[in-house]
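# Pasting a predicted model and its sequence here:
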Amino acid sequence: MSSRTVICCALSRTSLILGLLAIASCASHSDQVEQLLDTNACPTCDLSGTNLQRLDLQRADLRGANLQEANLQQANLRDVLLIGSNLQQANLMRVNLDDAILVNANLQSANLQRARIRGADLRGAQFKGADLESADLSHSSIDPVALEAARLCATVMPDQTIENRDCN
């Protein structure tokens, strides 16, 4: 057997194992996703890595939920409770978080490009490495220091000024 064949077999086996782990992970989250869709509430649920793209989760209760690496692109999260939730590395591109409560939420390395986050409560939220390009934070409550390590380009700040510090 050539060394190339051994590497391909090893990669195929690894890909199969990773695929099975992903399926098992999705299966373990399916009950919690179903709970969220049925009741619009899933506090402290583990929804990490799940695809919730384009869902209408307005006024959902996701306090303390783990949404790390979840895909929430274009979801409606208006008035949602995300107090203490983990949204690290989540895809929140074009999400509607207007009037949401994200007190003490972890948004580190999250993609918030073109997100609407108007009137949201972001006190204590962490944004290190988050991408807020073209996001609208107008009228939101946030500590300006929290945004120091975030990417800001064409970002509407809480006072409605435009921040372009990280545009290239």
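Arrived safely.

# By mean pLDDT, point me to the weakest helix or strand of this protein.
The weakest-scoring helix or strand in the chain, judged by mean pLDDT, DSSP states H and E, is helix 3-39 (a mean of 55).

# And Gln113, how far from Gln68?
Distance, Gln113 to Gln68, using CB to CB, to the nearest Å: 18 Å. Quick note: C-beta positions are derived from backbone N, CA and C, even for glycine.

# repeat for Asn51
Counting by CB to CB, the gap between Asn51 and Gln68 amounts to 14 Å.

# dump the residue contacts of Arg54.
For Arg54, the residues meeting the contact criterion (CB atoms under 8 Å, 6 or more residues apart in numbering) are 73-75.

# after the least confident helix or strand of the chain comes which helix or strand?
Helices and strands here follow DSSP states H and E; after helix 3-39, the next one along the chain is strand 155-156.

# how much space between Gln74 and Ile101?
Spatial separation of Gln74 from Ile101 under the definition CB to CB is 20 Å.

# Ok, Leu122 next?
According to CB to CB, Leu122 stands 9 Å off from Ile101.

# Neighbour count for these two, which is higher?
Set Leu122 next to Ile101 and count neighbours by other CB atoms under 10 Å: Leu122 wins out with 25 against 19.

# Near the residue nearest to the more buried one when sequence neighbours are not counted, how many other residues are there?
Taking CB to CB, 6 or more residues apart in numbering as the measure, Leu122 lies nearest to Ile142, with 4.0 Å between them; neighbours along the chain are not counted. A count of neighbours around Ile142, defined by other CB under 10 Å, yields 19.

# which other residues reach stretch 80-91?
Outside stretch 80-91, the residues that reach it (CB under 8 Å, 6+ apart) are 43, 48, 53, 57-73, 97, 100-111.
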